[in-house]
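Novice: Take a look and give me a structure for this.
(one chain, ligands or ions: 1)
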Amino acid sequence: MKINMSMVATGLFSLVVLATHAGITVAVGHNGNDEATPQFTFKNVPSPTASNAAVAAKFVIVDGQQDPNSGGIDRLHDGKLPVGEDQPEENFFFNAGTSGGRFQVDLDRIISIKRITSYSWHPGERGPQMYKLYASEGASEVFNAAPKRGTNPESCGWKLIAEVNTKSKDDHDNGGQYGVSISDPDGVIGSFRYLLFDIDATESSDNFGNTFFSEINVIDANAPAVAEIEPAQTTPPETFTFTTVDGKCRITLDTTAAPELKDWAKQKLAPVLAKWYPKIVAMLPSKGFTAPTHYTVIVKPMAGVAYTQGTTVKVSKKWIHDQINGEALGSLVHESVHVVQQFGKYGYGDRAPVWMVEGTADYVRWFKYEPQSHGADLVYLRKVGKDFRYDDSYRITANFLNWVTEKYDKNIVVELNAAMRQGKYDDDLWKKYTGKTVQELGEKWKKDTEARLAGNS
Ligand SMILES: [Zn+2]
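Specialist: Numbering: from 1, shown residues only. Here you go, the predicted structure:
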């Protein structure tokens, strides 16, 4: 089969006809970050509609994993659209660190399909769409409704309808909103019951190449004229996106659930992260690693303080209020270390023990970002005054890491962080870098610390 590609860019919108295959036309609408609106209006692609056959269809993941930050597969046909450029919960996307997956759409009966449209929205590399679309009546004897990757759908009763790739050739400025319309100008795409989307990640230089798919429409040629869809929320999100001082990362602050904190986020938090994210990236390098180039901090009502999953940081609204002149900023510097660490693939476990993950984040926070707060040094240890263990996590481990850095190896934090990122952390590494086991170091640090505390009291 021959796929013809041509590209025409027209001002703010780009009109891209990507694939014609057996009379099928793929039209791509793109609104850049500054043009995108919750209406998903494109020059050459219809806006999403609520009256379409996908709404009542069944969507199932056939291969691949959903990202835990995603709103789930049913976001694709709930008739609702995200109203902002970075709303993980309003979109569906495959898991961080994976290269896409497959999902199947069961329309419940064979329908004559006039058009299939897919919509996506993200400020960075998760905006563009790359997929192959297959369709089937489901009637063939060899039909496999859920072929995993590795199985060519064409070998089990599916027909390739279109191949989509909306990335720009010069590989920059891919962010924004996309609408991909697949149709046959001469009539209908065909009569099918099942659709199979074989989704690729748009890039693999970091873990965040899986597209934020917002909605999928399937237009029945015999259904009455379609109605316009309304954006999901009537209140626009309160987000503020800025670029770090080195120009390499965009950070979005989402205070939709805490509008009273919008000014604080903009005036206090943004300058700290703009300055410190690049510093943290520089502090924790490893071979072949590129730190995320976009992340989001969402302030919301929740239990606890804050946590980071992939490139999404969630922080408690109450915590920020309580700590606005205390730990609020420092805790988000700590979370930004987790964004840079990116141990997601290995999770917490032997390869990235929780005490080291948290100890490293607190080391950066208390010894680099705010040493003047004395949150993990001798002043702090004197206050907590307990039986110190090197693997106590957070501030205590931070103190231990600082001690080993000063006494034995100034690169120990970098080396161990790199090992954790690569899934290669092992307690034996301490011996390799310092000549002592971590237990020996822990004992020496404890004795030394106790002596210093006694001497300084
Ligand atoms: Zn943490």
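
Novice: quick one: contacts for residue 214?
Specialist: Counting by C-beta atoms under 8 Å, 6 or more residues apart in numbering, residue 214 makes contact with 40, 48, 75-76, 81-82, 90-91, 119-121. C-beta here means a position set from N, CA and C on the backbone, and glycine is covered the same way.

Novice: again, only using 7 Å
Specialist: 81-82, 90-91, 119-121 (C-beta atoms under 7 Å, 6 or more residues apart in numbering).

Novice: Which ones, among the residues you listed, also lie beside the ion?
Specialist: Taking C-beta under 5 Å from the ion, there is no overlap between the contacts of residue 214 and the neighbourhood of the ion.

Novice: Out of those residues, grab the one that's most surrounded.
Specialist: Greatest neighbour count in these, by other C-beta atoms under 10 Å, goes to residue 121: 30 neighbours.

Novice: Kindly provide the distance from that one to residue 43.
Specialist: Distance of residue 121 to residue 43, given as C-beta to C-beta, to the nearest Å: 16 Å.

Novice: and if you look at residue 117?
Specialist: Residue 117 is 14 Å from residue 43, by C-beta to C-beta.

Novice: again with residue 373
Specialist: Using C-beta to C-beta, one gets 53 Å for the distance from residue 373 to residue 43.

Novice: Check residue 324 too.
Specialist: Counting by C-beta to C-beta, the separation of residue 324 from residue 43 is 45 Å.

Novice: and if you look at residue 205?
Specialist: Distance from residue 205 to residue 43, by C-beta to C-beta: 31 Å.

Novice: Same drill for those two, tell me which one is more crowded.
Specialist: A count of neighbours by other C-beta under 10 Å puts residue 43 above the other of residue 205 and residue 43, at 15 against 11.

Novice: so the more buried one touches residue 29, yeah?
Specialist: Yes. Between residue 43 and residue 29 there is a contact at 6.2 Å, judged by C-beta atoms under 7 Å.

Novice: now the contacts of residue 214 in a markdown table, with pLDDT, distance to residue 220 and secondary structure?
Specialist: Below are the contacts of residue 214 laid out as a markdown table (pLDDT from 0 to 100; distance: C-beta to C-beta, whole Å; DSSP: H, G, I helix; E, B strand; the rest coil):
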| residue | pLDDT | distance to residue 220 | secondary structure |
| --- | --- | --- | --- |
| 81 | 90 | 20 | coil |
| 82 | 90 | 25 | coil |
| 90 | 92 | 25 | helix |
| 91 | 95 | 25 | coil |
| 119 | 97 | 18 | strand |
| 120 | 97 | 23 | strand |
| 121 | 95 | 25 | strand |
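
Novice: Enumerate the residues of the stretch 301-450 of the chain near the ion.
Specialist: Residues of the stretch 301-450 of the chain lying near the ion by C-beta under 5 Å from the ion: 358, 361.

Novice: Where does the prediction get shaky in the stretch 301-450 of the chain?
Specialist: Scanning the stretch 301-450 of the chain for pLDDT under 70 picks out the ranges 344-349.

Novice: Likewise for the stretch 51-200 of the chain?
Specialist: For the stretch 51-200 of the chain (pLDDT under 70), the answer is 170-172.

Novice: At which residues are the strands of it located?
Specialist: 58-63, 101-122, 130-136, 159-165, 176-183, 190-199 (DSSP state E, counting those that start in this stretch).

Novice: Tell me the strands beside the second one, with direction?
Specialist: To tie it back to what came earlier, the one meant is strand 101-122. strand 58-63 (antiparallel), strand 176-183 (antiparallel), strand 190-199 (antiparallel), strand 213-220 (antiparallel) (DSSP bridges).

Novice: Distance to residue 298 for the ones you listed - can I get that in TSV?
Specialist: Output for the strands paired with strand 101-122, formatted as TSV (distance: least, C-beta to C-beta, whole Å):
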stretch	distance to residue 298
strand 58-63	25
strand 176-183	20
strand 190-199	25
strand 213-220	18
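
Novice: Turn these into a markdown table, columns for distance to the ion.
Specialist: As requested, the strands paired with strand 101-122 are exported to a markdown table (distance: least, C-beta to the ion, whole Å):
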| stretch | distance to the ion |
| --- | --- |
| strand 58-63 | 30 |
| strand 176-183 | 32 |
| strand 190-199 | 31 |
| strand 213-220 | 30 |
